[in-house]
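K.L.:
I'll drop the sequence and a predicted model, then ask my questions.
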Amino acid sequence: MEAPVLDVSSWSPLDEEWLGEQEKVWLAEPDGPPGASRAAWLFKPSRRTELPGRRGASPRRFTWSDAGSEWIAHQLAALIGVPSAEIRLARREGVSGALSRDVSSPREDLHGGDLFLSELLGRDYIPNAEKARNRRGHNLEVIGRVLDGLDGPATGSGANAQETFAGYLLLDAWIGNTDRHCDNWALTIDGSVRRLAASFDHGSALAAGKEDSFLARTDPRDFADGAMAMKFENGKNVHLADLALDGMDRWGGPWLDALAEIGVGDERAVVDAVPGLSELRRRFICRLLEENRRRLSTP
Ligand SMILES: Nc1ncnc2c1ncn2[C@@H]1O[C@H](COP(=O)(O)OP(=O)(O)OP(=O)(O)O)[C@@H](O)[C@H]1O
Ligand SMILES: [Mg+2]
């Protein structure tokens with residue numbers, strides 16, 4: 001069944017989100033039960049990039065299929081039990097995008113991983129600092145220390161924070177998400193209780209920033225080859241699949257067994273439910289997913 005696209009033009013804005021590169025706004029879901037706090041959803045307009053015109057032609061605007069990637073990532077994560085932000089496709093004042101449901105509850109504060117890495121490594125924390133590639137200190141050893149002894153998200157199935165993080169690495173390898181920088185994972189804090197927050201920001205996965213003409217001339221297996229863990233220390237030469245297998249060796253978790261239960265039909269059903277994708281893109285995404293899954297099952 002096709003995923004609905006919600007019109008959220010009438011939802012009340014709560015706040016701007018100042019973390020991250022793109023403009024985004026938090027919205028309150030209108031009709032919760034009387035007296036209950038209303039769920040907050042982050043509206044992420046689809047990214048638009050200007051591409052140079054070919055042979056003297058004027059530049060063209062390309063709209064990413066990032067909302068589709070967010071939605072597919074959430075559905076696939078749910079299939080293998082990896083906790084991730086609930087996603088809905090949406091339109092606001094004529095602009096398309098994705099809604100990402102707040103992974104923190106009203107009692108909790110959410111802080112990106114960079115704060116905790118900086119604390120642990122004794123360096124200044126600069127909010128919203130540019131997330132350099134190969135960032136020093138963003139490696140599994142240090143992340144493991146940040147997560148040591150913490151629980152996973154309350155919405156998860158009881159895996160601890162380290163096991164759950166291994167699940168995020170597996171999800172990233174499956175969907176080709178090279179953007180897991182240290183503010184694309186977070187902890188929630190409620191008084192003295194810290195836990196890993198559910199995974200969020202998968203918009204750049206699944207070749208969302210590539211035009212159909214690129215997909216037409218690219219073999220998905222070659223594209224899968226290039227998915228490096230470039231947001232991790234020394235990650236530019238480490239394939240996402242190798243990082244995920246490293247994470248599972250360290251911390252375990254049921255993720256590989258869950259992935260072994262997935263077949264091409266499951267992936268195709270999820271991809272087919274996204275409205276508006278070209279058949280070329282659907283096929284590319286499915287072959288990419290299948291290839292990434294193969295890498296994870298036969299290391
Ligand atoms: N579902 C969510 N629940 C709570 N906070 C969220 C959620 N999604 C995003 N955020 C917060 O908003 C920030 C920006 O959102 P997000 O990472 O999705 O956007 P982005 O602009 O694509 O980021 P990037 O700079 O990583 O490309 C995140 O770093 C996080 O702090
Ligand atoms: Mg982000």
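P.N.:
Received the coordinates, thanks. Ligands and ions are numbered 1, 2, ... in the order given.

K.L.:
tell me where the stretch 101-250 of the chain has helices.
P.N.:
For the stretch 101-250 of the chain, applying DSSP state H, counting those that start in this stretch gives helices covering 113-121, 140-147, 161-175, 212-216, 220-225, 240-251.

K.L.:
how about TSV for the ones you listed, with distance to ligand 1, mean neighbour count and mean pLDDT added?
P.N.:
C-beta: built from backbone N, CA, C; applies to glycine. Shown next, in TSV, are the helices of the stretch 101-250 of the chain (distance: least, Cβ to the nearest ligand atom, whole Å; neighbours: other Cβ atoms under 10 Å; pLDDT from 0 to 100):
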stretch	distance to ligand 1	mean neighbour count	mean pLDDT
helix 113-121	9	18	93
helix 140-147	16	19	98
helix 161-175	13	27	98
helix 212-216	20	13	96
helix 220-225	20	16	97
helix 240-251	16	21	98
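
K.L.:
could you redo those as JSON lines and give each row distance to residue 189?
P.N.:
Putting those into JSON lines (distance: least, Cβ to Cβ, whole Å) gives the following:
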{"stretch": "helix 113-121", "distance to residue 189": "10"}
{"stretch": "helix 140-147", "distance to residue 189": "13"}
{"stretch": "helix 161-175", "distance to residue 189": "13"}
{"stretch": "helix 212-216", "distance to residue 189": "41"}
{"stretch": "helix 220-225", "distance to residue 189": "37"}
{"stretch": "helix 240-251", "distance to residue 189": "22"}
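
K.L.:
nearest to residue 63, of these?
P.N.:
The closest of the helices of the stretch 101-250 of the chain to residue 63 is helix 212-216. By Cβ to Cβ, the value is 11.7 Å.

K.L.:
out of the helices of the stretch 101-250 of the chain, nearest to residue 204?
P.N.:
Per Cβ to Cβ, nearest to residue 204 of these: helix 161-175, 9.9 Å.

K.L.:
alpha carbons of the closest one, in CSV - could you do that?
P.N.:
Only the C-alpha atoms of helix 161-175 are listed here, as CSV (Å, rounded to 0.1, in the frame of the first residue of the first chain):
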residue,chain,number,x,y,z
ALA,A,161,23.1,1.0,24.2
GLN,A,162,26.2,-0.7,22.8
GLU,A,163,24.3,-3.5,21.2
THR,A,164,21.8,-1.0,19.8
PHE,A,165,24.6,1.1,18.3
ALA,A,166,25.9,-2.0,16.5
GLY,A,167,22.3,-2.2,15.1
TYR,A,168,22.7,1.4,13.8
LEU,A,169,25.9,0.5,12.1
LEU,A,170,24.2,-2.5,10.5
LEU,A,171,21.3,-0.4,9.3
ASP,A,172,23.8,2.2,7.9
ALA,A,173,25.6,-0.5,6.0
TRP,A,174,22.3,-1.9,4.6
ILE,A,175,21.0,1.4,3.4
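
K.L.:
helices or strands up against it?
P.N.:
helix 66-80, helix 140-147, strand 193-196, helix 240-251, helix 255-260, helix 279-297 (3 or more Cβ pairs under 8 Å, 6 or more residues apart in numbering; DSSP states H and E).

K.L.:
what's the offset of it from the middle of its chain?
P.N.:
11 Å (Cα atoms, centre = their mean, to the nearest Å).

K.L.:
cool, and stretch 134-148?
P.N.:
Stretch 134-148 sits 18 Å away from the centroid of its parent chain (Cα atoms, centre = their mean).

K.L.:
pull up the distance across it, start to finish.
P.N.:
Taking Cα to Cα, to the nearest Å, the first and last residues of stretch 134-148 lie 23 Å apart.

K.L.:
tell me the confidence at residue 298?
P.N.:
Note on residue 298: pLDDT of 62.

K.L.:
in space, what's closest to the closest residue to ligand 1 within the stretch 151-299 of the chain - neighbours in sequence excluded?
P.N.:
Relative to ligand 1, the nearest point of the stretch 151-299 of the chain is residue 201 (3.4 Å; Cβ to the nearest ligand atom). What sits nearest to residue 201 in space, not counting adjacent residues and going by Cβ to Cβ, 6 or more residues apart in numbering, is residue 184, at 4.8 Å.

K.L.:
residues of this structure that sit close to ligand 1?
P.N.:
Counting by Cβ under 6 Å from any ligand atom, the chain comes close to ligand 1 at 17, 19-22, 24, 42, 44, 85, 100-104, 110, 112, 179, 183-184, 186, 200-201, 203.

K.L.:
write the ChimeraX selection for whichever of those are buried.
P.N.:
Applying 16 or more other Cβ atoms under 10 Å to the residues of the chain next to ligand 1 leaves a buried subset, and the ChimeraX line that selects it is:
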select :20,24,42,44,85,100,101,102,103,104,112,183,184,186,200,201,203
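
K.L.:
before we move on, the earlier item: make TSV out of the helices and strands packed on helix 161-175 and add distance to ligand 2.
P.N.:
Listed next are the helices and strands packed on helix 161-175 as TSV, based on distance: least, Cβ to the ion, whole Å:
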stretch	distance to ligand 2
helix 66-80	11
helix 140-147	16
strand 193-196	16
helix 240-251	17
helix 255-260	22
helix 279-297	21
